[in-house]
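K.L.:
Sharing a sequence plus its predicted fold:
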Amino acid sequence: MLKDKKCIPCEDENAKAIDPLLLDEYLQEINDWEISDDKKSISKKYVFRDFVKSLEFANAVGDIAEIEGHHPDINISYNKVKLTLTTHNIGDLTENDFILAAKINALDNIFI
């Protein structure tokens, strides 16, 4: 399972885009995340009761990201949070993006 894996450092020489044949399989494991039209990022939107909960959630995501060494783009708009994952140094999806998405999904039980 993706949530049980650990993100690996993506240095330029070892960062590889995910095999397109694995995309559907990985997307099934990370419920409710959407893949971009260009298939280079995944995103998920959350709605909370207020700004404070949005901020608490974003901070919890940040904690996971720091532990994994892989960081999402986080957009907060009052009670809404949009997370976008891509591997910035190659501008494409890697397994790390799906691993982090699976770990973030575990927060659903706490915040949703």
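P.N.:
Happy to help now that I have it. Numbers count the residues shown, from 1 in each chain.
K.L.:
could you pull out the helices for the chain?
P.N.:
For the chain, the helices identified by DSSP state H occupy 23-29, 51-68, 95-105, 108-111, in order along the chain.
K.L.:
Turn these into a markdown table, including distance to Leu2.
P.N.:
The C-beta positions use only the backbone N, C-alpha and C, and glycine is treated the same way. Compiled in a markdown table, those are given as follows (distance: least, C-beta to C-beta, whole Å):
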| stretch | distance to Leu2 |
| --- | --- |
| helix 23-29 | 5 |
| helix 51-68 | 12 |
| helix 95-105 | 4 |
| helix 108-111 | 15 |
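K.L.:
Please identify the most buried of these.
P.N.:
Mean neighbour count (mean count of other C-beta atoms under 10 Å) peaks for helix 95-105 among these, with a mean of 23.
K.L.:
Run through the neighbouring helices and strands of it.
P.N.:
Judged by 3 or more C-beta pairs under 8 Å, 6 or more residues apart in numbering; DSSP states H and E, the packing partners of helix 95-105 are helix 23-29, strand 42-47, helix 51-68, strand 80-85.
K.L.:
I'd like the ones you listed as a markdown table, with mean pLDDT and distance to Lys3 appended.
P.N.:
Compiled in a markdown table, these are given as follows (pLDDT from 0 to 100; distance: least, C-beta to C-beta, whole Å):
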| stretch | mean pLDDT | distance to Lys3 |
| --- | --- | --- |
| helix 23-29 | 95 | 8 |
| strand 42-47 | 98 | 15 |
| helix 51-68 | 97 | 11 |
| strand 80-85 | 99 | 14 |
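K.L.:
Right, I'll call it a day here.
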